[in-house]
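1. The amino acid sequence is not available; the structure is as follows:
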């Protein structure tokens, strides 16, 4: 029998998307790589699909554990309809986790995925061992009711360009833009069996959910005091989409939170600093002090 190497399991070279049917009558498209440990579930950003993850990040995360990416209901290759609320997105994600028969998991939520991850941890805390929130903000935080006009102009239209993507996900420095171009090359290294692009209806539903999440409500901030699992919150120092001060706010609201801000980076800091971020996530997930 041939030996399976890390290279054979590289995210960009995984075979066709897998499908799992869940109790909510949704067939979820997903990919998985790596093995061992508590499964790490990745929850994707606004308008993203399975091919919007940087393969270098996924491969680094999967070096020591099983990593699963998936399209939530109505997104990419999954069936169903994209809901207009984070709460329902969380219920749909829980249905996926149950359909995969995973039991307890670790969650890494990015951007809107981090909102969903927060809600999963609040709704079904027993299934979340540890929680990673990348480029995130708490529900009800002042100033989060929609994105800045320049961000909407760059990523909130039916057709966007690589330059507009780079302008939001990476900082303006030459080093950050170079890292962004390299990340895009890695994301498009997969030329066959690419995931289905997200529809305009999905993007509108997701933005409705973002805006509702961001309606100022100071009382909702107190929800996070319920989180008893270890939490790692992180962001880039120049994120124009979810400003870094929300990372500090999260760290102050969550009882067992640790925090890191990555330099010379923006919304896509986890792609730019993929090796460092993956190492930080691995250290956090495997830290025996939190067991």
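-> Cool, the structure landed. Owing to the predicted nature of the structure, the values given are computational and were not obtained by experimental measurement.

2. contacts, neighbours, all on C-alpha from now
-> Fine.

3. so where do the strands sit in the protein?
-> All strands of the chain, identified by DSSP state E, fall at 18-21, 27-33, 40-43, 67-70, 105-110, 128-134, 231-236, 257-262.

4. now the ones you listed as TSV including distance to residue 205, mean neighbour count and mean pLDDT?
-> Listed next are these as TSV, based on distance: least, CA to CA, whole Å; neighbours: other CA atoms under 10 Å; pLDDT from 0 to 100:
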stretch	distance to residue 205	mean neighbour count	mean pLDDT
strand 18-21	22	15	97
strand 27-33	18	22	97
strand 40-43	16	24	98
strand 67-70	18	23	98
strand 105-110	17	23	98
strand 128-134	21	25	98
strand 231-236	24	26	98
strand 257-262	30	17	98
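
5. Quick one: those as a markdown table, columns for distance to residue 171 too.
-> Formatted as a markdown table, these follow (distance: least, CA to CA, whole Å):
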| stretch | distance to residue 171 |
| --- | --- |
| strand 18-21 | 35 |
| strand 27-33 | 30 |
| strand 40-43 | 23 |
| strand 67-70 | 26 |
| strand 105-110 | 17 |
| strand 128-134 | 16 |
| strand 231-236 | 9 |
| strand 257-262 | 11 |
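
6. so which of those strands gets nearest residue 283?
-> Closest approach to residue 283 among the strands of the chain (CA to CA): strand 231-236, 10.5 Å.

7. just checking, what packs against the closest one?
-> Packed against strand 231-236 by the contact rule (3 or more CA pairs under 8 Å, 6 or more residues apart in numbering; DSSP states H and E) you find strand 128-134, helix 245-253, strand 257-262, helix 269-272.

8. Let me have these in a markdown table, adding distance to residue 234 as columns.
-> Output for the helices and strands packed on strand 231-236, formatted as a markdown table (distance: least, CA to CA, whole Å):
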| stretch | distance to residue 234 |
| --- | --- |
| strand 128-134 | 5 |
| helix 245-253 | 6 |
| strand 257-262 | 5 |
| helix 269-272 | 9 |
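
9. Minimum distance to residue 193: which of these has it?
-> helix 269-272 (22.1 Å).

10. Relative to residue 116, how far out is residue 57?
-> Between residue 57 and residue 116 the computed distance is 20 Å (CA to CA, to the nearest Å).

11. Could you do residue 98 as well?
-> From residue 98 over to residue 116 (counting by CA to CA), the distance is 16 Å.

12. between residue 57 and residue 116, who's got more neighbours?
-> Comparing residue 57 with residue 116 by neighbour count (other CA atoms under 10 Å), the higher total belongs to residue 116, at 26 against 21.

13. Now stretch 246-255: buried residues?
-> Buried residues in stretch 246-255, counted by 16 or more other CA atoms under 10 Å: 246-251, 253-255.

14. for stretch 207-220, same thing?
-> For stretch 207-220, by 16+ other CA under 10 Å, it's 207-216.

15. next one: stretch 94-105
-> Buried, per 16+ other CA under 10 Å, within stretch 94-105: 94-99, 104-105.

16. Enumerate every residue touching residue 119.
-> Applying CA atoms under 8 Å, 6 or more residues apart in numbering to residue 119 gives the contacts 86-87, 90.

17. same deal with residue 81?
-> 73-75, 202.

18. and those residues as a markdown table, adding distance to residue 81, neighbour count and pLDDT?
-> As requested, those are exported to a markdown table (distance: CA to CA, whole Å; neighbours: other CA atoms under 10 Å; pLDDT from 0 to 100):
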| residue | distance to residue 81 | neighbour count | pLDDT |
| --- | --- | --- | --- |
| 73 | 6 | 27 | 98 |
| 74 | 4 | 22 | 97 |
| 75 | 8 | 28 | 97 |
| 202 | 8 | 20 | 95 |
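
19. Inside helices: which ones of these?
-> Members of the contacts of residue 81 lying in helices (criterion: DSSP state H): residue 202.

20. Return the closest of the contacts of residue 81 with respect to residue 137.
-> Closest to residue 137 out of these is residue 202 (21.1 Å), distances taken as CA to CA.

21. neighbours around the nearest residue to the closest one once chain neighbours are set aside, how many?
-> The shortest distance from residue 202 to any non-neighbouring residue, by CA to CA, 6 or more residues apart in numbering, is to residue 82 (5.5 Å). Neighbour count of residue 82, defined by other CA under 10 Å: 21.

22. thought residue 21 was touching residue 99?
-> Yes. Contact criterion CA atoms under 8 Å: residue 21 and residue 99 qualify, at 6.4 Å.

23. ok, residue 32 - contacts?
-> 66-69.
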